[in-house]
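Peer 1: Need coordinates for the below:
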Amino acid sequence: MKLLLIEDEHKIANAIKQGLEQEHYVVDIAYTGIEGYDLATAETYDAIILDRLLPGMEGMEICKKLRMENNHTPIIMLTAKAQLQDKVEGLNLGADDYLTKPFAFEELLARIKALTRRPHKAIETTLKVSDLTLDTTSYEVKRANKHISLSAKEFSLLEFLLRHANKTVTKDQIIRHVWNYDANILPNTVEVFIGYLRNKIDKPFPKKEQLIHTIRGFGYKIGEKK
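Peer 2: Here you go, the predicted structure:
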């Protein structure tokens, strides 16, 4: 899953990013409100972690503008203000949750997982195609009941493919959802990682149907042949 963190305190932002990446999330950081708003409108995210007090454009204004533009990405508002009226104001403007600083990273992680499990996002925690399963909670990947060990990036790529099972996704879509927006991606990077997945998911099971397919001229698809 891909998250946007808008937080002007670099030390806090970098610590949150590091922790979330260890939990297999892809995280973009914006240190100003304007940069955060631009990213939120230009990219697609599964959730936004939004500080209330930001230079350039405050978190409340960002939240209000996104909702007015029919951007319904779940938003967790971060703030040092603990007054009830501050929380009510944020929720009324469209925030989905509110977390007061200082907070434990474990609580932030739990709230992110809770938000991305909500029905309106239709986000499943166990993804499956044929005998291949991926659990987004335990980070277990299995095929034919055999455990498959993946790197963090391989896991993110497989999760994205499985969330679009039986649909063709382009290289550009993969890059936008699996890598950070400012990552230095070489032209064949996606091909290389698709190869890594094939070596772990398809090649060790020669008697099974191959699940990862190249759709020439378009991109890639995971699923059973029909």
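
Peer 1: mind listing the helices in the protein by residue range?
Peer 2: 10-22, 33-42, 59-68, 84-92, 105-116, 152-163, 171-178, 189-201 (DSSP state H).

Peer 1: how far off helix 152-163 does the first one point, in degrees?
Peer 2: Orientation of helix 10-22 against helix 152-163 (axes from the mean of the first three to the mean of the last three CA atoms, to 10 degrees) gives an angle of 70 degrees.

Peer 1: Could you do the last one as well?
Peer 2: Relative orientation of helix 189-201 versus helix 152-163 (the same axes, to 10 degrees): 80 degrees.

Peer 1: helices or strands up against helix 189-201?
Peer 2: Judged by 3 or more CB pairs under 8 Å, 6 or more residues apart in numbering; DSSP states H and E, helix 189-201 is in contact with helix 152-163, helix 171-178, strand 212-215. For the C-beta atoms, the positions are set from N, CA and C on the backbone; glycine is no exception.

Peer 1: Show me where this structure dips below the pLDDT cut-off.
Peer 2: 81-87, 90, 118-124, 182, 187, 226 (pLDDT under 70).

Peer 1: domain parsing for it?
Peer 2: Structural domains assigned to the chain are 2-121, 126-222, following automatic domain parsing.

Peer 1: and these as CSV, adding mean neighbour count?
Peer 2: Output for the domains of the chain, formatted as CSV (neighbours: other CB atoms under 10 Å):
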stretch, mean neighbour count
domain 2-121, 17
domain 126-222, 16
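
Peer 1: picking that back up, quick one: which of the helices and strands packed on helix 189-201 is nearest Met68?
Peer 2: helix 171-178 (23.9 Å; CB to CB).
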